[in-house]
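Enquirer: With the sequence up front, the predicted model follows.
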Amino acid sequence: MMTKSIQVPLNQKNIILIGFMGAGKTTIGQLLAEKLGREFLDADQEIERRHGMPVTEIFKSMGEPVFRQMEKEYLVELCRTSREKVVSLGGGSFMQDEIRNACLDSGIVYHLDLDWESWLKRFEALIDTRPILQSKSLEEVRALFDSRKLIYADNHYTVAVDQLSPEEIAENMARQIREGRERE
Ligand SMILES: Nc1ncnc2c1ncn2[C@@H]1O[C@H](COP(=O)(O)OP(=O)(O)OP(=O)(O)O)[C@@H](O)[C@H]1O
Ligand SMILES: O=C(O)C1=C[C@@H](O)[C@@H](O)[C@H](O)C1
Ligand SMILES: [Mg+2]
């Protein structure tokens with residue numbers, strides 16, 4: 001099915017953060033929204049609020065396909081109706097064509113990119129709250145990391161997040177966005 005292109009003026013576009021689990025989308029998105037004076041929305045947190053349970057519980061009691069459907073409904077509608085927000089996606093959101101197309105079409109998409117070695121240092125902090133990691137061997141997680149990187153490559157800007165703190169990354173992004181606005 002052909003989806004209609006969403007025409008949004010550049011300065012009203014949502015800033016959308018994508019990237020692998022633990023890249024820092026939620027942490028950096030929150031900081032960036034504060035710096036830009038924009039409202040912050042996090043896909044996982046909004047789904048948890050709407051459905052009254054943590055993502056891990058949704059996976060356990062209803063299964064991943066139900067979660068993916070919730071994710072799609074929430075994000076496609078958000079792209080259609082919301083403006084001037086900072087939006088952090090879940091790590092798997094961008095794998096769905098409809099979500100990816102809606103985000104690229106209506107928003108400015110930033111890929112928070114980190115290498116495998118840096119990501120491994122965060123693994124322990126993630127495992128309890130990321131059901132996708134719980135059922136996989138490290139080799140399988142690595143394969144997922146590599147395959148998803150190819151999909152995240154479809155973005156407007158890539159930001160390396162290996163070497164800097166969330167505060168520094170958010171500050172750099174905010175500066176770039178403000179400078180871009182001045183040139184418009
Ligand atoms: N630049 C950074 N340097 C060091 N630690 C970081 C950095 N960014 C995030 N973290 C830490 O990594 C963990 C995961 O961060 P966060 O929850 O923001 O990731 P996420 O991309 O939103 O993940 P998910 O896709 O699962 O929602 C947190 O403990 C956070 O404090
Ligand atoms: O990478 C993923 O597939 C996921 C990442 C998290 O943000 C959550 O959306 C959920 O745990 C699935
Ligand atoms: Mg997150």
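Expert: Everything's here; your move. These numbers come from a predicted model, not from an experiment. Numbering: from 1, shown residues only. Ligands and ions are numbered 1, 2, ... in the order given.

Enquirer: for the protein, which spans come out with low pLDDT?
Expert: Across the chain, the ranges flagged by pLDDT under 70 are 1-4, 183-184.

Enquirer: Might you name the residue of it sitting closest to ligand 3?
Expert: residue 26 (3.3 Å; C-beta to the ion). Where C-beta positions appear, they are placed from N, C-alpha and C, glycine not excepted.

Enquirer: That residue reaches residue 86, doesn't it?
Expert: No: counting by C-beta atoms under 8 Å, residue 26 does not reach residue 86; the two are 10.7 Å apart.

Enquirer: Neighbour count: those two, which is higher?
Expert: residue 86 (28 against 19; other C-beta atoms under 10 Å).

Enquirer: What strand or helix carries the more buried one?
Expert: Using DSSP states H and E, residue 86 sits in strand 85-88.

Enquirer: What lies in contact with that strand?
Expert: Strand 85-88 is contacted from outside by 14-17, 25-26, 28-30, 32-33, 36, 38-43, 78, 107, using C-beta atoms under 8 Å, 6 or more residues apart in numbering.

Enquirer: For that strand, buried residues please.
Expert: By neighbour count with 16 or more other C-beta atoms under 10 Å, strand 85-88 contains the buried residues 85, 86, 87, 88.

Enquirer: burial count for residue 175?
Expert: Per other C-beta under 10 Å, the neighbour tally for residue 175 reads 11.

Enquirer: can you tell if the helix or strand encompassing residue 26 touches ligand 1?
Expert: Per DSSP H and E, residue 26 falls inside helix 25-36. Yes: using C-beta under 6 Å from any ligand atom, helix 25-36 reaches ligand 1 at 25, 26, 27.

Enquirer: which residues touch residue 40?
Expert: Here residue 40 is in contact with 29, 30, 32, 33, 34, 85, 86, 87, 88 (criterion: C-beta under 8 Å, 6+ apart).

Enquirer: Return the residues of this protein in contact with ligand 3.
Expert: 25, 26 (C-beta under 5 Å from the ion).

Enquirer: what residues does the chain put near ligand 2?
Expert: 21, 44, 55, 90, 91, 92, 130, 131, 132.

Enquirer: how about 5 Å then?
Expert: 21, 44, 55, 90, 91, 92, 130, 132 (C-beta under 5 Å from any ligand atom).

Enquirer: Good, wrapping up.
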